[in-house]
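In: A predicted structure for the sequence below; I have some questions about it.
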Amino acid sequence: MNENLANAHAVITIRYNLVKQNVNIAEDAGMGWEKAEA
């Protein structure tokens, strides 16, 4: 059971980090878009 929990935690951590990266990319793209419109 502990091994399953550890594996689930690892998967969630990896996915969370990917989401954070995608948010940063989206924010950077949004800022670039705003600068291009200005």
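Out: Yep, that arrived.
In: hey, let's count contacts and neighbours off CA atoms from now on
Out: Noted.
In: burial check on I12, number of neighbours?
Out: The number of residues packed near I12 is 12, by other C-alpha atoms under 10 Å.
In: from V19, how far out is it?
Out: Here I12 is placed at a distance of 10 Å from V19 (C-alpha to C-alpha, to the nearest Å).
In: distance of V23 relative to N17?
Out: Taking C-alpha to C-alpha, one finds V23 at 10 Å from N17.
In: what does A29 give?
Out: 18 Å.
In: do a quick rundown of the helices in this structure.
Out: Along the chain, counting by DSSP state H, helices occupy 2-37.
In: low pLDDT regions in it?
Out: The chain contains no residues with pLDDT under 70.
In: rerun that using 80 as the cut-off
Out: 37-38 (pLDDT under 80).
In: report how many residues lie close to M31.
Out: Neighbours of M31 (other C-alpha under 10 Å): 12.
In: and it, how close does it get to L5?
Out: From M31 to L5 the distance is 39 Å (C-alpha to C-alpha).
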